[in-house]
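Visitor: mind looking at a prediction? Sequence and model below.
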Amino acid sequence: MDRQRGRGENSVLWSPDFTDEWAREGLRTWLETGALTHDTGHVRPLPELPEDAETELGTALARQLREEKAIIGVFDEGCMGMYNAIIDDEFLNPLGIYKERLSQSALVAEMNKVSDEEAQAVRTWLDDAGMTFHTGTDEATELTDAQLLSQFRMYIAALRISDDFGLDAVGIQYQQGLKDTVPASDLAEGLLNNVQRPPVLSRDGARELYAGAPLPHFNEVDEGVAVDSLVTNRIWTAMGLDPATTLHDIRWGEEYDGRFVWVFEISGSVPASHHGGYDKSYSMRQPPMFFPLGGGTLSGVSKPGEIVWSRVFLMDGRLHVDLGRASAVELPEEETRRRLDATNPQWPIMHAVLHGVTRDQFMARHRANHLNVAYAPDAATADQALRAKAALFAELGVEVHLCGDVALQDAEPDGS
């Protein structure tokens, strides 16, 4: 839920068990004064950007978006009651982004038109790509072949409906309604977010839909994520980078080997390329408590690498974006398993180290549990992509904030 209506009064205190003196003193301060203030000096407004290829690219893409427009598709906006996931049209339209409100019942109806052969072809493609499916036969507790075929029907149906409406990004709001009708949307979401994915033809078989490109999916219909993913897709594509992006839930984190390593997890919208490919991805049944009809995830451990993190949100009556840098890091297998078992072991996980942002600074500023991530091949390219993204948002009139250690100038080459 990536939105804050106004600044409000927020007091955040984090402790594993509230036995440490820092947490007890913080609680005492809050009880006595009604407020607990953390340092947010890591957040700064966007300064004047250097004139270079990246800022020119961001500015040009912003103008193109405003002139040529884009459409995001929303399946049953607000059906989970998440008011803070909705960005009203009067904020979106000036950006050149328009909203197509779609129906979950239409998605299910389109799923019913997908043939068994088409659904099985998706499964065969994924098997050939090396993806592992942990299946069984008990529909109530295990992932079954029938559940998977239903999810592949949803994947095909979502692409066909998106093509009907000319969508540039799509969001399927699972849980209320769909959870009682069909298996989970998560596997379809992860497939949509990846460049390499099972091909889907138009209904007449004449065209491959969104060929060679992801159709950005914004999990839980978080429209801040929709704007963010759309922008990321265009910048990364224009720069020749892998545009696969996803949101993660910010779950928790702990010190490991001298660094604070966050646990980022989401139920399944992570693209396979973030894991290093389909052969490093797997699917497990979603927990019956939340997903009574089952269905699998697109799961794995995010590969080590440089990332740009971001979130778009409403505050004080206008759109804002926070931009920062981080590294996805590798942890030993036993530590990864411990962290998965402490949260949701079925879900994809990223071990993330934020650059120049402490745990409490992040919690004091980031009043949401969603965060977008996209990879770059190295630190210098990540800095360039962030710069282009900042320029694009600034050109659109979104208030840009830089968080932590962010380089706005290319590093000088070594040598005399």
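Guide: Nice, I can see it. Residues are numbered from 1 along each chain as shown.

Visitor: list the contacts of Leu201.
Guide: 207-209 (Cβ atoms under 8 Å, 6 or more residues apart in numbering). All C-beta atoms are positioned from the backbone trio N, CA, C, and that covers glycine.

Visitor: ok, so of these, who is nearest Ala129?
Guide: Glu208 (16.8 Å; Cβ to Cβ).

Visitor: please give the element, helix or strand, for Gln361.
Guide: helix 359-365 (DSSP states H and E).

Visitor: ok, back up a step: and which of the contacts of Leu201 is nearest to Val12?
Guide: Distance to Val12 across the contacts of Leu201 (Cβ to Cβ) is lowest for Leu209, with 43.5 Å.

Visitor: the closest one and Ser202 touch, don't they?
Guide: Yes: the pair Leu209 / Ser202 is scored as a contact, 6.0 Å apart, by Cβ atoms under 8 Å.

Visitor: okay, and the common contacts of the two?
Guide: With Cβ under 8 Å, 6+ apart as the test, Leu209 and Ser202 both reach 160, 163.

Visitor: higher neighbour count, those two?
Guide: For Leu209 versus Ser202, the count of surrounding residues by other Cβ atoms under 10 Å is larger for Leu209: 17 against 13.

Visitor: for the more buried one, give me its contacts.
Guide: Listed by Cβ under 8 Å, 6+ apart, the contact partners of Leu209 are 159-160, 162-163, 200-202.

Visitor: quick one: the helices in this protein?
Guide: Ranges of helices within the chain are 21-33, 53-68, 89-92, 104-111, 116-128, 145-165, 186-192, 223-238, 272-275, 333-341, 359-365, 379-396, based on DSSP state H.

Visitor: specify the beta-bridge partners of the residue nearest the centre of the chain.
Guide: Note on the chain: the residue nearest the mean C-alpha position is Leu247, at 1.4 Å, using Cα atoms, centre = their mean. Beta bridges link Leu247 to Asn372, judged by DSSP bridges.

Visitor: can you tell me how far it sits from His217?
Guide: Going from Leu247 to His217 by Cβ to Cβ, to the nearest Å gives 9 Å.

Visitor: re the thing from before, need the contacts of Leu209 in TSV (columns: pLDDT and distance to Lys113).
Guide: Output for the contacts of Leu209, formatted as TSV (pLDDT from 0 to 100; distance: Cβ to Cβ, whole Å):
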residue	pLDDT	distance to Lys113
Leu159	98	13
Arg160	98	8
Ser162	98	15
Asp163	98	14
Val200	98	13
Leu201	98	13
Ser202	97	12
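
Visitor: the residue lying closest to Ala129 once chain neighbours are set aside: neighbour count?
Guide: Nearest non-adjacent residue to Ala129, counting by Cβ to Cβ, 6 or more residues apart in numbering: Tyr278, 3.8 Å away. When neighbours are defined as other Cβ under 10 Å, Tyr278 has 24 of them.

Visitor: quick one: pLDDT of Tyr278?
Guide: Among the per-residue scores, Tyr278 holds a pLDDT of 98.

Visitor: show me the contacts for Arg337.
Guide: Contacts of Arg337 (Cβ under 8 Å, 6+ apart): Pro345.

Visitor: cool, the one 10 residues further on as well?
Guide: Applying Cβ under 8 Å, 6+ apart, one finds that Trp347 lies in contact with 265-268, 297, 299, 340.

Visitor: could you do Pro377 as well?
Guide: Taking Cβ under 8 Å, 6+ apart as the test, what Pro377 contacts is 241, 305-306.

Visitor: same thing with Asn112?
Guide: Arg153.

Visitor: neighbours of the closest residue to Trp125 other than its chain neighbours, how many?
Guide: What sits nearest to Trp125 in space, not counting adjacent residues and going by Cβ to Cβ, 6+ apart, is Pro198, at 4.0 Å. The number of residues packed around Pro198, counting by other Cβ under 10 Å, is 20.

Visitor: tell me how far Pro198 lies from Asn372.
Guide: 24 Å.

Visitor: what about His355, distance to Ala109?
Guide: 46 Å.
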